[in-house]
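> Provided below for reference: sequence and predicted model.
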Amino acid sequence: MITLMTDFGTSDHYVGVMKGVILNINPEVQIVDITHAIPPQDIHGAAFLIDSTYRYFPTGTIHVAVVDPGVGSERRAVVCQTETAYFVCPDNGILTHILRDEEHVRTVAVENSAYFLPEVSNTFHGRDIFAPVAAHLSRGIPINKLGSPVAQPVQLPIPKPQVIDKAIIGQVIWIDCFGNLVTDISQEILESLEEQNSIVICAGSARIDHLNRSYVESAVGEALAIVGSFNRLEISINQGNAAQVLGLKRGDRITIRIT
């Protein structure tokens, strides 16, 4: 199985052409679209999304992630192998969370042009390099045939939530299509708080003093805090758009005060 995640959108032909390249090399492989709606050049967003999704696919799945503002430059293309998956992408930080979280990771530079298309453009490595490399991997080639080992793949400078005095300080790392504000504060961090502690979650102008189990526990239009389906604290508006109502964007601070 091969998954595709890009910032190409779906109105142009780019994604379809990548699928054609893959199927020419391996007509039997299953291709799954994760998303092609990542904002253009949004490497941080791609890093969050690929980390949030790859665990739900069968062992051995090959994940192609193409958000590549450095296409045509000296930036490397890489293949990363973990115990359960392969990742094919530019070496620009897309794999930051995976490299931090996975214990056994092997990364190689994609250098062997025998596994590229015969002609490689300077602007569409998704078609000419990443798609054919993924297709060849799906046919069983070992990653050592692709190129030399990479000791230190590029990682983004992504801060972790901080605990300062009686506060946990995190930030918004993604805003979904409903306007929900996804934070970097994990369920594990929330569970580490003593049950007897009272909390106040500060998100823009909103002050929220408890965690919901569902959206309907709050009135329509009311701000709420909830652990979302990917085990992160989210700030939402019941049947509304939290990002718009609260005026928050990615990178903005979310604070949990412990009282």
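Received the coordinates, thanks. Remember, predicted model here, so these are calculated numbers, not experimental data.
> how many neighbouring residues does the residue lying closest to Gln155 once chain neighbours are set aside have?
Leaving aside its sequence neighbours, Gln155 sits nearest to Thr96 (CB to CB, 6 or more residues apart in numbering; 4.5 Å). C-beta: built from backbone N, CA, C; applies to glycine. Per other CB atoms under 10 Å, the neighbour tally for Thr96 reads 22.
> need the contact list for Thr96.
Ala47, Gln155, Leu156, Ile158 (CB atoms under 8 Å, 6 or more residues apart in numbering).
> low-confidence ranges, the stretch 151-259 of the chain, go.
Within the stretch 151-259 of the chain, the stretches with pLDDT under 70 are 194-196.
> list the contacts of the helix or strand encompassing Met18.
If you go by DSSP states H and E, Met18 is part of helix 14-25. With CB under 8 Å, 6+ apart as the contact definition, helix 14-25 has outside contacts at 2, 4, 6, 8, 29, 31, 33, 36, 64, 66, 117, 124, 126-127, 130-132, 134-136, 138-139.
> give me the buried entries from the residues you listed.
2, 4, 6, 8, 29, 31, 36, 64, 66, 117, 124, 126-127, 130-132, 134-136, 138 (16 or more other CB atoms under 10 Å).
> show me where the stretch 101-250 of the chain has its helices.
Counting by DSSP state H, counting those that start in this stretch, the stretch 101-250 of the chain has these helices, from start to end: 125, 131-138, 187-191, 242-246.
> for the contacts of Thr96, which single residue is the most surrounded?
Ala47 (25 neighbours).
> got phi/psi on the spatially most central residue of the chain?
Central residue of the chain (CA atoms, centre = their mean): Leu49, 2.2 Å from the mean position. With angles defined as degrees, to the nearest 10, Leu49 sits at phi -70, psi -40.
> buried ones in the lengthiest strand in the chain?
Secondary structure of the chain per DSSP state E: the longest strand is strand 167-175. Neighbour-count burial for strand 167-175 flags Ile168, Ile169, Gly170, Gln171, Val172, Ile173, Trp174, Ile175 (criterion: 16+ other CB under 10 Å).
> ok, and what's touching that strand?
44-45, 48-49, 159, 161-163, 181-185, 189, 232-233, 235, 243, 248-258.
> now with 7 Å, please.
Contacts with strand 167-175, where a contact means CB atoms under 7 Å, 6 or more residues apart in numbering, come from 45, 48, 161-162, 181-185, 189, 243, 248-258.
> I appreciate the help and will end here.
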